[in-house]
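> Please find the sequence and the predicted model below.
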Amino acid sequence: MAIGILHGASHHLWQAYFQKAEIYGIDIDPNSLINEGRIHSMIADQSDREDLKKFSESFPGNFNVIIDDGGHSMKQQQVSFAYFFPFIELGGYFIIEDVHTSLSDFYPPQFYGVNTDSSNTTLEMLVTFIKTGEIESEYLTLSEKEYLKNSIDFIQLVARNNEKHSLMCVIRKKQ
């Protein structure tokens, strides 16, 4: 499953590469939707739990991998992560691309919803878990935080030293 479709290139790639997989996606832009072959998508705002619930009711089941390449704001990344992590198969992965939007030295903090002290960033949430085993987020419910705390096997941050300071995260669900 992918959050963020844009022109659908990655969906077509996954459909070609994984010959038997059903490919799912959400995007806020109706012009991005693709529903052909084994690709299924619908309009949804990744920061709106009601939209995410409509998607999960329309396409029930668990996913091996979810890739978030959606809107990149702190609320969008954290809400969709917390909502969809229970829908990942045991041992599956949730990948958040563009965690570098947490870095207000390089990206406009107001555009991505970063607080002046950076306490609400996705990067801070992930680093706090790595350090303490706790999930801290102003966007998540207590039950979401508890589920994540008990279900995350590991978090791997991956950085590329390029002009955009690329940073992504791979989160594995416990077996």
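Ah, there it is.
> Please count neighbours and contacts with C-alpha atoms only from this point.
OK.
> in this structure, which residue is closest to the centre?
residue 68 (3.4 Å; CA atoms, centre = their mean).
> how far out from the middle of the chain is stretch 58-73?
Centroid separation for stretch 58-73 versus its chain: 6 Å, with CA atoms, centre = their mean, to the nearest Å.
> how about the strands in this structure?
2-3, 23-27, 39-43, 63-68, 88-96, 152-159, 167-173 (DSSP state E).
> For the spatially closest residue to residue 125 that is not a sequence neighbour, list the residues it contacts.
Using CA to CA, 6 or more residues apart in numbering and skipping residues adjacent in sequence, the residue nearest residue 125 is residue 136, 5.6 Å away. Contact analysis of residue 136 by CA atoms under 8 Å, 6 or more residues apart in numbering lists 125, 128-129, 145.
> Starting from residue 35, give me the distance back to the residue lying closest to residue 29 once chain neighbours are set aside.
Here the nearest residue to residue 29 in space, its sequence neighbours aside, is residue 43; by CA to CA, 6+ apart that works out to 6.7 Å. Counting by CA to CA, to the nearest Å, the separation of residue 43 from residue 35 is 12 Å.
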